[in-house]
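>>> Turn this into a model:
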Amino acid sequence: MFSRLPSLVTALCVLYPLLPDPVAAVWPAPQKITQGDGVLFLNQNIEVTYNGAFVCWSSSSIPSSEPESHHHPCPNSCSTASDDDDDDDDDDQEEELLTENLAFQQIPYTYGYVPSGLNSKEIVQAGVSRALTGIFNSKFVPWILHKPNTKYEPDLDEQEWLQTLEIVQTAEDDPSAFKPLAGQVDESYNLTLSESGHVRLTAVSSIGVLRGLETFTQLFYQHSSGTFWYTPYAPVSISDAPKFPHRGILLDTARHFFPVEDILRTIDAMAWSKLNRLHVHVTDSQSWPLVIPSMPELAEKGAHHPTETYSPGDIEKIQRYGAVRGVEVYFEIDMPGHIGSVSLSHPELIVAYNEQPYHWWCAQPPCGAFKLNSTAVDEFLGRLFDDFLPRVGGYAAYFHTGGDELNRNDSMLDEGIRSNSSAVLQPLLQRFIDVQHGRVRGKGLTPVVWEEIPLEWNVTLGEGTVVQSWLGAGAVKELVGRGHRVIDSNYNFWYLDCGRGQWITWENGLPFKTGYPFNDWCGPTKSWGLIYSHDPTANLTEEEAKLVLGGEVAVWSETIDPMNLDSIVWPRASVAGEVLWSGRVDDNTGKNRSQIEAFPRLTEFRERLVRRGVRASPISQEFCVQGEPWECEFAM
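Presented below is the predicted three-dimensional model:
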């Protein structure tokens, strides 16, 4: 293929018209975008520079069979062939190699380049590798975005080429860039693609560069011939930055276990969607899959199966994988409720484990809560945090201590309390939170809790503690009114597991009649349109809205496992991603973003997810995807 392509150094760009007024279907929507309708082709030898130096590779772009193959950057600059044909010192073998890679051009990009460390240059280099892989290896021929039997591709008889991709990072990365608190890293970027075939991507941080590279990827398609890639949008100018600094997914790995590869794939899709926080709800009463080397009995007795555990190496791999993609992975060990699995190894610490009927003691089986007046619990958590927190703190700024759905009846069974009175339990819970959050802060992490801790139990939280809200807009309003920083996970809009029906069983007779028609507690299903309608700062004052850091969609896994994870999460998580990146209101119009405008962009983004290995669900039938948005609009 490469032997048929013109030299990128000498190619001149003449734009070829494709279709009138094509619209770049970038997701999430940039803050500002202008574009043309000219065609430029792209090949794998595009000249890429980062802060003036070539981005180089040590091997060819032949795809590896592994998802990530280890390569290292070439030293300092790229080698090029000499144009002196009389140089007797040229090695014949070197000349042959250079001919294969096209003389006067950069070596083709390396598929699956993995950075050796968390430094800006290698982070960007890996981002370039992934972006070009997303273009060249996804095989996205966009026939499904056009009506049948219509011309949508450029002719191949006049191919003009993209020449350079110039990446400029305007400031050095702060050490916190790879494990930032919300708002600590500047994710903004500017991207221009000129009519003459030059791309310039500028950003303050390497994370901003990664965001811009994902946008760059979405400008290109593969030609149906199979050997050419093009953009029909030249020239392009994009200025972009997120509305909210915290844009995440909560993944529950306790009710169903997810292998590491599933979590890594989820991180990939998050990076493509410009989501930047993966909150792993790693333990619960159902299981303890987390291996703690100093306390091996927890996973040995608490996991569903010995194969369903996360080793320290797994945890580091997941966090590091996220860090180099601009996705911070942080963990939650829910307490003092939702902790019953500890009873399997330390029954002396837990009260009400698997008590029945469960609904007297907890929200779902098996029940189990820490004893709130136990020095043994305090000693246990000291050992647990001393082991776990330093390991995860290298890649995360947060640690979530849970605190939701604590059932006061549990303490009726605690021989040290024997009461369900708030007057008795609140001081014990206040002390519990003070001690555990002190430990979290002592390890250099910021605590996160669920909203019940301050709202239901009236616990006073330390400065900087983040509160995650799930019970609705009223709770968010109350939390910010108290001065708390908030992550919004409103179950009415952003619980992706809802609408799948009951997962418990009902005996014939009165139970059957009571449960019929067996809907779950939070239905209906949160459709992409419902997710898109939610504004985390609705009905808040300007000052109150500043305390909303962003939001997370929740993937509670009662009825979700590796077989349906992708189809449940994607592309719906990407929809929340646009709300959090672009804002519910379009600043250019001052109006709420429209489903009619969003639909073609989302359907295209879903196709890109599928072609990059994510089994995302369709959001409509093919007729609607291929047609005009108004053809499937409910008009009134």
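
>>> Confirm that residue 512 sits in a strand.
No. Judged by DSSP: H, G, I helix; E, B strand; the rest coil, residue 512 forms no part of a strand; its state is helix.

>>> Which pLDDT value belongs to it?
Per-residue pLDDT puts residue 512 at 95.

>>> What's the separation between it and residue 520?
16 Å (CB to CB, to the nearest Å). Glycine gets a C-beta too; all of them are placed from N, C-alpha and C.

>>> More neighbours: which of those two?
It is residue 520, of residue 512 and residue 520, that has more neighbours when counted by other CB atoms under 10 Å, with 18 against 12.

>>> Find the nearest non-adjacent residue to residue 140, please.
residue 611 (4.7 Å; CB to CB, 6 or more residues apart in numbering).

>>> Quick check: that neighbour vs residue 217, distance?
Applying CB to CB to residue 611 and residue 217 gives a distance of 11 Å.

>>> So between those two, which is more surrounded?
Ranked by neighbour count (other CB under 10 Å), residue 611 and residue 217 place residue 217 first, with 20 against 15.

>>> pLDDT score assigned to the more buried one?
98.

>>> That one is in contact with residue 128, isn't it?
No. Judged on CB atoms under 8 Å, residue 217 makes no contact with residue 128 at a distance of 10.4 Å.

>>> and the helix or strand hosting residue 602, what does it pack onto?
Counting by DSSP states H and E, the element that carries residue 602 is helix 595-611. Judged by 3 or more CB pairs under 8 Å, 6 or more residues apart in numbering; DSSP states H and E, helix 595-611 is in contact with helix 260-272, helix 528-533, helix 572-582, helix 622-626.

>>> Could you report the neighbour count for residue 546?
12.

>>> Give me the phi and psi for it.
phi -60, psi -20 (degrees, to the nearest 10).

>>> so how far is residue 346 from the closest residue in space to residue 288 that isn't next to it in sequence?
Nearest non-adjacent residue to residue 288, counting by CB to CB, 6+ apart: residue 302, 2.9 Å away. To residue 346, residue 302 is 9 Å away according to CB to CB.

>>> cool, and residue 143?
In terms of CB to CB, residue 143 sits 58 Å off from residue 346.

>>> try residue 458
Taken as CB to CB, the span from residue 458 to residue 346 is 29 Å.

>>> Those two - which one has more neighbours?
More neighbours surround residue 346 than the other of residue 458 and residue 346, with 17 against 11 (other CB under 10 Å).

>>> Show me which residues of stretch 460-472 are buried.
461, 465, 466, 467, 468, 469, 470, 471 (16 or more other CB atoms under 10 Å).

>>> what residues does the helix holding residue 602 touch?
Helix 595-611 is touched from outside by 23, 25-27, 29, 134, 138-140, 142, 144-145, 217-218, 269, 272-273, 528-529, 532, 570-571, 574-575, 578, 616-620, 624-625, 629-630, 632-633, with contacts defined as CB atoms under 8 Å, 6 or more residues apart in numbering.

>>> following the helix or strand hosting residue 427, which helix or strand shows up next?
For residue 427, the element it lies in under DSSP H and E is helix 422-442. Next helix or strand after helix 422-442 toward the C-terminus (DSSP H and E): strand 446-450.

>>> Helix, strand or coil: sort out residue 399 for me.
Applying three-state DSSP: residue 399 is strand.

>>> Run a quick neighbour tally on it.
Residue 399: 25 neighbours (other CB under 10 Å).

>>> partners of it in the sheet?
residue 447 (DSSP bridges).

>>> how's this structure carved up into domains?
Taking automatic domain parsing as the criterion, the chain consists of the domains 2-240, 246-632.

>>> rank those by pLDDT, which is bottom?
Across the domains of the chain, domain 2-240 gives the lowest mean pLDDT, at a mean of 77.

>>> For the helix or strand where residue 208 lies, which outside residues touch it?
Element membership of residue 208 [criterion: DSSP H and E] is helix 206-217. Helix 206-217 is contacted by residues 26, 30, 120, 123-124, 127-128, 130-131, 134-135, 165, 167, 169, 173, 177, 185-191, 199, 201, 203, 238, 240, 271-272, 274, 276, 325-326, 608 when judged by CB under 8 Å, 6+ apart.

>>> Fine, thanks again, bye for now.
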